[in-house]
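[1] Pasted the sequence and its predicted model underneath.
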Amino acid sequence: MAKFRVTLDKDSVQDLFTENDEQLARLMESIANQVLEAQMTEHLRAERHERTDARTGYRNGDRVRRLTTRVGTLYLLVPQTRNGSFSTELFARYQRSEQALVLSLMEMVVQGVSTRKVAAITEELCGVRFSKSTVSALCEDLTDRVDAWNERPLHGQSFPFLIVDALVIKVRRDHVIRATGALIVCGVDDKGVRQILGIRLGDSENEATWEQTFSWLKDRGLNGVDYVVSDAHKGLIKAVQKHFQGAVWQRCQVHFTRNILGHTPRHLKDQVSKDLYSMFRSADKEAARKSLAEMLDRYSKIKGMAYILPVLEDGFDDAVAVLALPESLHTRLRTTNMVERLNEEVRRREKVIRIFPNEESAHRLLGSVLAEIHEKWAVGHQYLKIDDYHKYKEQLRHAKPVTKLRLVINRKEAITSTV
């Protein structure tokens, strides 16, 4: 590493012991300019006006460059060569820092720091205050990347499983704060890898909004859906039935349990919770149905349970639909926990913002968070043992003709016995 000799006059040395930021900036400016001159001398292997056979080029004046630092703005004289071969490490580092600063600002916004706080932090870091509009303009650069991810084609892939959920955020529209639904759709592809398929914002979480979301996903190439896991939102269920005919709907067992316990007498909550847990973790539907019968018999004569039991019985089949699948798939497909965890990550950032200034900012922030998680999932472990599912589907295909034949035989036997 080259060694540079830096000289300071008496006044500059005195400035080291003062708290005058402007004087300190001038001191740093003087040091930096001497470093630049020393680097040029080393590059050309000759001092200014020195005649030597070792010289590798000639100077061509200086140009002024501005460098923002914590002590203030420095105006530096950057030496130039005739052939333009000189490039100082000082500005190479500055360029990298500038790029890192822009990315850091974006990342800070993604992490949930408001633009006002970002402006204050950049002032502390760099000695210059970035206006709120400047920070917002930097955030706009995220839009293209978020849109590219959120609109990426899904063709060539099959998604047997969808897990969907929504959360409500506050967005300012027409000078009024309005509740807005953020609809998040995740899928597990035919390789067992989970993906975040996209996010859509709507006035509310209703049937029309979910229909628009599913149509949008199908236009992008979503296909092969066999199972949809969600809560029991009526609009969502109707949209699923319309767009994924033939698919099985699995009602989230966590939401279903909360619904049951919400109307259960306090002194029975613990016991009912244990009974539901045991029923949902049955090995198959027959075992679960046996547990249901026991619960109905046990609580039928207890005061305060009259409302709960019909709800439990009506929702049973949808809540245990997952038990028809191989046991290795039960844990991760019985609930919407996958999306709930995403919602928690989104909420952590959203709570700092509290009220989004417009839908574009909400879409940009939420989309950035989800895109980042999606990338982590893409290089992660297989989420489902998809081979077990493929074997299960193959068994169903082979079993269908036999099932139909048995139905016909039974029907004939029934007709014969009737005659």
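    Yep, it's here.
[2] Nearest the middle, which residue of the chain would you pick?
    L370 (1.5 Å; CA atoms, centre = their mean).
[3] so where does it fall, helix or strand?
    helix 359-378 (DSSP states H and E).
[4] Kindly format the C-alpha coordinates of that helix as CSV.
    Provided in CSV are the C-alpha atoms of helix 359-378 (Å, rounded to 0.1, in the frame of the first residue of the first chain):
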residue,chain,number,x,y,z
GLU,A,359,-52.8,2.6,-2.9
GLU,A,360,-49.6,2.8,-4.9
SER,A,361,-47.4,3.2,-1.8
ALA,A,362,-49.3,0.3,0.0
HIS,A,363,-48.9,-2.0,-3.0
ARG,A,364,-45.2,-1.0,-3.3
LEU,A,365,-44.4,-1.7,0.4
LEU,A,366,-46.5,-4.9,0.8
GLY,A,367,-45.3,-6.2,-2.6
SER,A,368,-41.7,-5.6,-1.7
VAL,A,369,-42.0,-7.5,1.6
LEU,A,370,-43.8,-10.4,-0.1
ALA,A,371,-41.3,-10.5,-3.1
GLU,A,372,-38.4,-10.8,-0.6
ILE,A,373,-40.0,-13.6,1.3
HIS,A,374,-40.9,-15.4,-2.0
GLU,A,375,-37.2,-15.3,-3.1
LYS,A,376,-36.2,-16.9,0.2
TRP,A,377,-38.8,-19.6,-0.3
ALA,A,378,-37.6,-20.3,-3.8
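[5] and it, what does it pack onto?
    helix 89-110, helix 132-150, strand 161-173, strand 176-188, strand 194-202, helix 337-353 (3 or more CB pairs under 8 Å, 6 or more residues apart in numbering; DSSP states H and E). C-beta coordinates here come from the backbone N, C-alpha and C atoms, glycine included.
[6] Return the member of the ones you listed having the minimum mean pLDDT.
    Of all the helices and strands packed on helix 359-378, helix 89-110 carries the lowest average pLDDT, namely a mean of 58.
[7] what angle do the helix holding L370 and strand 194-202 make?
    On the basis of axes from the mean of the first three to the mean of the last three CA atoms, to 10 degrees, helix 359-378 is oriented at 170 degrees to strand 194-202.
[8] so what's K385 closest to, chain neighbours aside?
    In this structure, K385 finds its nearest non-sequential neighbour in S328, 4.5 Å apart by CB to CB, 6 or more residues apart in numbering.
[9] how many neighbours does the one you found have?
    Burial of S328 is recorded as 14 neighbouring residues (other CB atoms under 10 Å).
[10] show me the contacts for it.
    L384, K385, D388 (CB atoms under 8 Å, 6 or more residues apart in numbering).
[11] ditto for W249
    Counting by CB under 8 Å, 6+ apart, W249 makes contact with Y227, V228, S230, I237, V240, Q241, D318, A321.
[12] Surely it is in a strand?
    Yes: judged by DSSP: H, G, I helix; E, B strand; the rest coil, W249 forms part of a strand.
[13] Quick one: the helices in the stretch 251-400 of the chain, in order.
    253-261, 269-280, 285-299, 308-319, 330-333, 337-353, 359-378, 386-418 (DSSP state H, counting those that start in this stretch).
[14] and Y75, which of those is closest to it?
    Proximity to Y75 (CB to CB) singles out helix 359-378 among the helices of the stretch 251-400 of the chain, at 36.1 Å.
[15] in that closest one, what's buried?
    Under the neighbour-count criterion of 16 or more other CB atoms under 10 Å, helix 359-378 has 359, 361-371, 373-374 buried.
[16] Next, count neighbours for the residue lying closest to Y58 once chain neighbours are set aside.
    Using CB to CB, 6+ apart and skipping residues adjacent in sequence, the residue nearest Y58 is R82, 5.1 Å away. R82 is flanked by 11 other residues according to other CB under 10 Å.
[17] now swap in K303 and tell me
    Neighbours around K303, by other CB under 10 Å: 6.
[18] Please apply the same query to A232.
    Using other CB under 10 Å, A232 is surrounded by 15 other residues.
[19] ok, now I169?
    Around I169 there are 22 residues (other CB under 10 Å).
[20] quick one: contacts for it?
    A179, T180, A182, E350, F356, A362, L366.
[21] likewise A293?
    Counting by CB under 8 Å, 6+ apart, A293 has no contacts.
[22] Let me know the pLDDT of it.
    Per-residue pLDDT puts A293 at 96.
[23] same question, M1
    45.
[24] Kindly report the same for G112.
    G112 is given a pLDDT of 67.
[25] Repeat that for P160.
    So P160 comes in at 97 (pLDDT).
[26] from the contacts of W249, which is closest to D165?
    S230 (6.6 Å).
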